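[1] whatever this is, show me its structure:
(one chain, ligands or ions: 1)
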Amino acid sequence: MQNKKTIEDLELVGKKVLVRLDFNVPMDSEGKITDDRRIKEALKTITYLINNNAKTILMSHLGRPKGKFDMKYSLMPIAKRLSELLNKEVIMARDVIGPDARNKADNLEAGQVMLLENVRFHPEEEKNNELFSKSLASFGEIYINDAFGTAHRAHSSTAGVAAYLPSAIGFLIKKEIDIMGKAISNPERPFIAILGGAKVSDKIGVIENLLDKVDVLLIGGGMAYTFLKAKGYEIGKSILEEEKIDLAREIMDKAEKKGIKLLLPIDTVVAEEFNAESPHMTVDSSAIPENMMGLDIGEKARDMFSQEIENAKTIVWNGPMGVFEMDVFAKGTLALAQAMSKSNGITIIGGGDSAAAVEKLGYADKMTHISTGGGASLEFLEGKALPGIEVIDNK
Ligand code: AMP
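    Numbers count the residues shown, from 1 in each chain. Okay, here's the model as predicted:
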């Protein structure tokens, strides 16, 4: 992936440049953008195109409009916000590949920016339909993919169009694969991975890939209970994936054979019910009462994990340590975010819920890198090729 052409390798002046970005931002029920981080992350590529006097035609998806026009998923609010951030007009098309988009694209001048409507208004988009890809491609002379968040999907706008145009990646994808790629393939050591979140099954690919690379693996969150069970502990009503117990055992054996330090939470915050009001206490992870469930890592585990983070040179984290959406069970996640924020090493947050947690807790600025992709960053950590990057021309 490191040998892909980048936006800086291409002659852009006066050219129609079709750019796929990830403007899939969260919105409230009134259609107001509640977090514009993804728009801000796209600015570097857009500004570069403007400064190079390209005719910039942007495209993105937003939400799941199920293949038909739905004003609720219009990119109009994105155009407005983008225009404020750029301090420049962003011309909004009323359709994706229809007459309005075509007309506006034909009249676009060098240095101007326009935005096509939500590509998912067409069911062909997610099917990577050839005709639809061709229609999209006909808007540009060059294709830039800078939508890391959808790079793991082979859709028309993220992959299909590349067959018809010279292509390159933008600055955001470059940053994502440079930082995460180096961390995985050539990390400064000790290299530690912290995995959490609800389920083992979501993270198996990541565990298996990283087991060949890390020095230390910390496992917390809901997925830890399947490992604790595999060690023979009783875990009460904690979340368990019965069919993954053998796999958890195999992973622990493999780590031991490879000399990798695999740590599980030594203590656990337990409650009777899955809610913030349920009385809670901390117990040893080998003694979780029958009528209780583990919802966060305990204080000893927090200290132990924080110590490992302090000693590491590269830290990759994916998945919260507990049910961080409830403040009482967010202490483990908070402690780790804090420890990472103090680290002098390279700190990488692998997108999704852990990125949201770090944002919520106010440590976002202290990390080396917070991936903008949830699924994409997981697949990257699994060592998989991402179709949206694979299709781009090599240098
Ligand atoms: P993921 O999307 O796989 O990273 O999982 C994130 C979700 O895991 C969050 O919604 C957390 O509330 C949930 N989670 C973390 N720890 C636990 C736990 N001990 N029990 C149940 N759910 C958990």
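[2] so what touches the lowest-mean-pLDDT helix or strand in the chain?
    The helix or strand of the chain with the poorest confidence is helix 352-361; it has a mean of 84 (mean pLDDT, DSSP states H and E). By C-beta atoms under 8 Å, 6 or more residues apart in numbering, the residues outside helix 352-361 that reach it are 35, 37, 196-197, 317-320, 324, 330, 333-334, 337, 349, 364, 367, 370-372, 374-375, 377-378. Where C-beta positions appear, they are placed from N, C-alpha and C, glycine not excepted.
[3] give the buried residues for that helix.
    Residues of helix 352-361 classed as buried by neighbour count (16 or more other C-beta atoms under 10 Å): 352-359, 361.
[4] that helix and the ligand in contact?
    Yes. Judged by C-beta under 6 Å from any ligand atom, helix 352-361 comes into contact with the ligand through 352-353.
[5] do you have the strands of the stretch 1-150 of the chain handy? List them.
    For the stretch 1-150 of the chain, the strands defined by DSSP state E, counting those that start in this stretch occupy 16-20, 55-59, 90-92, 113-115, 142-145.
[6] is it true that Ser286 lies in a helix?
    No. Using DSSP: H, G, I helix; E, B strand; the rest coil, the secondary structure at Ser286 is coil, not a helix.
[7] tell me how far it lies from Ser238.
    13 Å (C-beta to C-beta, to the nearest Å).
[8] which residues of the stretch 51-200 of the chain lie near the ligand?
    Counting by C-beta under 6 Å from any ligand atom, the stretch 51-200 of the chain comes close to the ligand at 197-199.
[9] at 8 Å instead, please
    For the stretch 51-200 of the chain, the residues in contact with the ligand (C-beta under 8 Å from any ligand atom) are 196-199.
[10] next: the stretch 251-395 of the chain.
    Contacts of the stretch 251-395 of the chain with the ligand, taken as C-beta under 8 Å from any ligand atom, map to 274, 293-296, 318-326, 329, 352-354, 374.
[11] and the residue in the chain that the ligand sits nearest to, how close does it get to Thr226?
    In the chain, the residue found nearest to the ligand is Gly197; the distance is 2.6 Å by C-beta to the nearest ligand atom. Computed as C-beta to C-beta, the Gly197 to Thr226 distance reads 12 Å.
[12] more neighbours: those two, which one.
    A direct count of neighbours by other C-beta atoms under 10 Å for Gly197 and Thr226 places Thr226 higher, at 25 against 20.
[13] just put the residues of the stretch 51-200 of the chain next to the ligand in JSON lines and tack on pLDDT.
    Below are those laid out as JSON lines (pLDDT from 0 to 100):
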{"residue": "Gly196", "pLDDT": "96"}
{"residue": "Gly197", "pLDDT": "93"}
{"residue": "Ala198", "pLDDT": "92"}
{"residue": "Lys199", "pLDDT": "91"}
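[14] by neighbours, which of those wins?
    Gly196 (27 neighbours).
[15] I'd say that residue and Tyr225 touch.
    No. Between Gly196 and Tyr225 there is no contact under C-beta atoms under 8 Å: 11.4 Å.
[16] surely Val206 is in a helix?
    Yes. Looking at Val206 with three-state DSSP, it is inside a helix.
[17] number of nearby residues for the closest residue to it other than its chain neighbours?
    Take Val206 and drop its neighbours on the chain: the residue closest to it by C-beta to C-beta, 6 or more residues apart in numbering is Leu381, 4.6 Å away. For Leu381, the neighbour count with other C-beta under 10 Å is 25.
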